[in-house]
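1. sequence plus the predicted model coming up.
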Amino acid sequence: MTGYSPQTIEELELQAAVVRKTLLQMIHEARSGHPGGSLSAADMMTALYFYEMRVDPANPKWEDRDRFVLSKGHVCPVLYTALMLRGFFPMEEVHNLRKKGSILQGHPDMKRTPGVDISTGSLGQGLSTAVGMAIAAKRDGRKLRVFVMLGDGECNEGQIWEAAQSASKYQLDNLIVLVDNNTLQNDGTCDAIMPTLDLATKFKAFGFDVLEIDGHSMEAIVAALCATRQEGIRPRCIVAHTVKGKGVSFMENVVMWHGMAPDAAQYAQAIREIDRVLE
Amino acid sequence: MNAIATRDAFGHELLAMGEAYENLYVIDCDIGKSCKTVDFQIRFPAKHVNVGIAEQNAAGVAAGLATMGKVPFISTYAVFGSMRMLEQIRQEACYPNLNVKIACSHGGLTPANDGASHQCIEDMGILRTIPNMTVIMPADYWSARKLIDAAYHYPGPVYLRFTRDPIPVIYTETDVFEIGRAREVLAGKDATILANGDVLSLAMQAAGEMREEGVSVRLIDMHTIKPLDREAVLKAIYETGRIVTIEDHNILNGLGSAVAEVMAEEGKGKLKRMGVQDRFGESGPYELLLADNGVTVEDVKKNVRTLLQD
Ligand SMILES: Cc1ncc(C[n+]2csc(CCOP(=O)(O)OP(=O)(O)O)c2C)c(N)n1
Ligand SMILES: [Mg+2]
């Protein structure tokens, strides 16, 4: 199994719309969860799971699979949706987010969810785990790659930079960091809460090869992911400029939608807006 | 019974303290909205610092502020306010015995939907083992407000733990609370329940129902687990003999363990510890998560009866 059957940019865009609708359904039914950062990551997550990553839904523990770390674990609805649509578990699980006994916990739990490579939820820790995976893969001579998604607010945590310097020291060209640079965090804009400074410059200073892209242009995402396939001596970082809540007009750039579930009317409105893209 | 989350008590008390105390500071870690510090920040911007999602930094900044005569309250979730910044708390707040207060929402299993990563069942036990640290979980809105104010005046590091979700209001505005001094909620002579935090109301219900069955159960609010009110435990041992502890915390190293230490040294009394059974939680309704750990009104009554039998 090597990746998904080839998809055109347009097919990926349609797939991303389905991802958005499904994750909103999950959060709406659970009556809690984090839509804003799920929607800003939806295009990248679609490209990863339907285009770039080599994974096998029939064999989620395949040893040579690419690994994925959702370091900003609160947006797990977008990860669960991608995994579900790729066939890692049945579509009926869409109804079970945050339910007692569910395989879909409030934050990712690798013991419960097929396809989840590491448990996350406490911000700032995922990149370190990705570094560990990438070091092991290299030393074991495995061709696999490790993808990790960070929030921009999450980059407030010092541990992110401890991990970044380790990635650089061990020349982890098999490590690809995607930063969902949506400019908002929990309580407000990154500028108001803790300015991130220029994340691209920072990752460069920490020894990464950095690409800056529009995180909602499927063409740009795919091109950037393709560029990371080349071997080298440096870890890769894609700083993706995104819009928190992307695809649902009333959620876009609105801090409140970081961690709030849409009610029935809001959900219906959101679905109508996304359906327009599908037409 | 009216119900309010004790994190709301924190928000309200901060506003009151902000008017009264010049040296009060609040340090946020980008979860001010859920920890209820937003109104304080708006009213007292000059006494507010937001360090972003960087809890370890918050602990160090608080220590620095304390050396300058400020009384900083760090506000975050219990899991981060205890364990993420644990060594900073130990080295920079506890070792120099600085006036750093850590006031955390999302204690115990109360962040139920978020799942195990955001629930916090270890904090009070861990912090109890650091010299100079004081560890408190109030059982309702009014006791929370009183104990927060008391923490401001109490020299040295203090850890306060609040609930995410509403819990019954048990006390009134005129009730008095003192750090380290347990409070008798119900008098009784056959057995004693020592409880704190959100599960105190559950113990209250159980004790009330047992009273109707003719069993006289004393209920003590052990809001401070360190320094532990040894006198209250000794009285429970010598006056009732049988003790049940209940806490929304791992039964290892929390209230139950602290009480067990006193009982073992006395070599007297019988004890049943109720609380989280040394296992991680999951997403789900709070009451069901407690029930999974054998913490229900029925379980309390059953445990008291068992102790009374032999
Ligand atoms: C260590 C830690 N501190 C605080 C939180 C609470 N929290 C959850 S999401 C969030 C904001 C995250 O912002 P960002 O990384 O920008 O994510 P996004 O905008 O993509 O949702 C915070 C503070 C947490 N999960 N972990
Ligand atoms: Mg963000």
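-> Thanks, I have it. Ligands and ions are numbered 1, 2, ... in the order given.

2. residue ranges for the strands of chain B, please.
-> B:3-4, B:24-28, B:48-50, B:71-77, B:101-105, B:134-136, B:158-161, B:167-168, B:183-186, B:191-195, B:217-221, B:224-226, B:242-250, B:270-276 (DSSP state E).

3. what sits against whichever residue of the stretch 151-300 of chain B sits closest to ligand 2?
-> For the stretch 151-300 of chain B, the residue closest to ligand 2 is B:Arg164, as judged by C-beta to the ion, at 22.4 Å. For glycine as for every other residue, the C-beta is placed from the backbone atoms N, C-alpha and C. Contact partners of B:Arg164, counting by C-beta atoms under 8 Å, 6 or more residues apart in numbering or on different chains, are B:5, B:7, B:34, B:105-107, B:110-112.

4. and of the residues you listed, the nearest to ligand 2?
-> The closest of these, once distances to ligand 2 are taken by C-beta to the ion, is B:Ser34, at 16.2 Å.

5. so who does the closest one touch?
-> Counting by C-beta under 8 Å, 6+ apart, the residues that B:Ser34 touches are A:186, B:7, B:77, B:105-106, B:164.

6. if we can go back for a sec, what's the closest non-adjacent residue to the residue of the stretch 151-300 of chain B closest to ligand 2?
-> Excluding its sequence neighbours, the residue lying closest to B:Arg164 (C-beta to C-beta, 6 or more residues apart in numbering or on different chains) is B:Thr110, at 4.2 Å.

7. number of nearby residues for that neighbour?
-> 28 (other C-beta atoms under 10 Å in any protein chain shown).

8. surely it meets B:Met137?
-> No. B:Thr110 lies out of contact with B:Met137 (C-beta atoms under 8 Å); the separation is 10.7 Å.

9. which residues do these two both contact?
-> Counting by C-beta under 8 Å, 6+ apart, the residues touching both B:Thr110 and B:Met137 are B:Asp248.

10. do you know how far the closest residue to B:Cys29 other than its chain neighbours is from B:Tyr25?
-> Spatial nearest neighbour of B:Cys29, excluding adjacent residues (C-beta to C-beta, 6+ apart): B:Thr76 at 4.4 Å. Look at B:Thr76 and B:Tyr25: by C-beta to C-beta, to the nearest Å, they are 14 Å apart.

11. ok, now B:Phe280?
-> 34 Å.

12. if we can go back for a sec, JSON lines for the contacts of B:Ser34, including pLDDT?
-> Shown next, in JSON lines, are those (pLDDT from 0 to 100):
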{"residue": "A:Asn186", "pLDDT": "98"}
{"residue": "B:Arg7", "pLDDT": "98"}
{"residue": "B:Tyr77", "pLDDT": "98"}
{"residue": "B:Ser105", "pLDDT": "98"}
{"residue": "B:His106", "pLDDT": "98"}
{"residue": "B:Arg164", "pLDDT": "96"}
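
13. closest to ligand 1 among those?
-> A:Asn186 (3.8 Å; C-beta to the nearest ligand atom).

14. after the longest helix along chain A comes which helix or strand?
-> Ranked by number of residues, the top helix in chain A under DSSP state H is helix A:9-30. With elements assigned by DSSP states H and E, the helix or strand that comes after helix A:9-30 is helix A:35-47.

15. next to chain A, which bits of chain B? Give me the list.
-> If contact is defined as C-beta under 8 Å from any C-beta of the partner chain, the residues of chain B in contact with chain A are B:28, B:30-34, B:38, B:50-54, B:56-57, B:79-80, B:84, B:113-118, B:282-285, B:288-289.

16. hmm, back to that, B:Phe280 and B:Tyr25: who's more crowded?
-> Neighbour totals were compared for B:Phe280 and B:Tyr25, and B:Tyr25 leads with 22 against 13 (other C-beta under 10 Å).

17. for the more buried one, give me its contacts.
-> B:Tyr25 makes contacts with B:47-49, B:62, B:65, B:70-73, as judged by C-beta under 8 Å, 6+ apart.

18. in JSON lines: these, plus neighbour count, distance to ligand 1 and pLDDT.
-> As requested, the contacts of B:Tyr25 are exported to JSON lines (neighbours: other C-beta atoms under 10 Å in any protein chain shown; distance: C-beta to the nearest ligand atom, whole Å; pLDDT from 0 to 100):
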{"residue": "B:Lys47", "neighbour count": "21", "distance to ligand 1": "21", "pLDDT": "98"}
{"residue": "B:His48", "neighbour count": "20", "distance to ligand 1": "17", "pLDDT": "98"}
{"residue": "B:Val49", "neighbour count": "18", "distance to ligand 1": "16", "pLDDT": "98"}
{"residue": "B:Ala62", "neighbour count": "30", "distance to ligand 1": "16", "pLDDT": "98"}
{"residue": "B:Leu65", "neighbour count": "20", "distance to ligand 1": "20", "pLDDT": "98"}
{"residue": "B:Lys70", "neighbour count": "18", "distance to ligand 1": "23", "pLDDT": "98"}
{"residue": "B:Val71", "neighbour count": "23", "distance to ligand 1": "23", "pLDDT": "98"}
{"residue": "B:Pro72", "neighbour count": "27", "distance to ligand 1": "18", "pLDDT": "98"}
{"residue": "B:Phe73", "neighbour count": "26", "distance to ligand 1": "17", "pLDDT": "98"}
